[in-house]
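Chemist: predicted model, plus sequence, below.
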Amino acid sequence: MLSSSRRIVLALEEGYLSSGLLALKISAVLPAMTKLLEWVFGVLVVGAAWALVTFDLLDLRLPEAFRQVAWPMPVYLLVVFGCYSLATVGYRVATFNDCEEASKELQAQIQEAKEDLRRKGLKL
Amino acid sequence: MATGADRAVGLGLVGFSLLLFTYYTIWVVILPFVENDHVVHQYFLPREYSVILPGIAALILLLCVGTFIGVVMWKSRKPKKVD
């Protein structure tokens, strides 16, 4: 059973929730603050904020420009995540180094193994 | 360094994703703050398409993945043994 101060340090260090206070409140209510619960809570908070702006649930009457930016936000975040993934994969493909020495060593070892097996009677 | 084709494909992917990110960010985040009669608006479709087009792209991606899995499973089926 983790002490509540250890829980706060964990949550702050990992930065999953927007404030350590929130983590303290939850750990006071539930005995086990799992990673899944942290993520679910974070998603719920962000989702509630988005719904508040998009559907004007509190009648805040924000400027039209802010509402127009807010409503495609879930799709926008997905597209940005997709672009980041694509860019990371592309960059790592472009900078992956060829290992000439390791390749030659491996080929030599394959030849050696084939000879050895042939001598022992395996037909290759 | 990685060889020719690998670098070309990798850098192509990076460039494409940067272009896509820039265009989509301008479309979703910047345009609402630009007056309606500015000339830049003619290069962008109406806002509904900024959600519809990624939705269609996601459906096509799912279709491709499903088709690939189906083809691989079809090719790897073994005929039943006859006793």
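Modeler: Structure's in. What do you need? Computed from a prediction, not measured in an experiment: that's the story for all the values here.
Chemist: what's stretch B:29-38 in contact with?
Modeler: Stretch B:29-38 has contacts (C-beta atoms under 8 Å, 6 or more residues apart in numbering or on different chains) with A:64, A:65, A:66, A:68, A:69, A:76, B:40, B:41, B:44, B:47. Where C-beta positions appear, they are placed from N, C-alpha and C, glycine not excepted.
Chemist: distance of the residue most central in space within chain B relative to chain A?
Modeler: Centroid-nearest residue in chain B: residue B:57, 5.8 Å away (criterion: C-alpha atoms, centre = their mean). According to C-beta to the nearest C-beta, to the nearest Å, residue B:57 and chain A sit 9 Å apart.
Chemist: how about residue B:70?
Modeler: Distance, residue B:70 to chain A, by C-beta to the nearest C-beta: 24 Å.
Chemist: look at that residue and report its pLDDT.
Modeler: On the pLDDT scale, residue B:70 is placed at 96.
Chemist: quick one: contacts for it?
Modeler: No residues are in contact with residue B:70 under the rule C-beta under 8 Å, 6+ apart.
Chemist: host element of it?
Modeler: helix B:49-75 (DSSP states H and E).
Chemist: pull out the buried residues from that helix.
Modeler: By 16 or more other C-beta atoms under 10 Å in any protein chain shown, the buried positions in helix B:49-75 come out as B:50, B:54.
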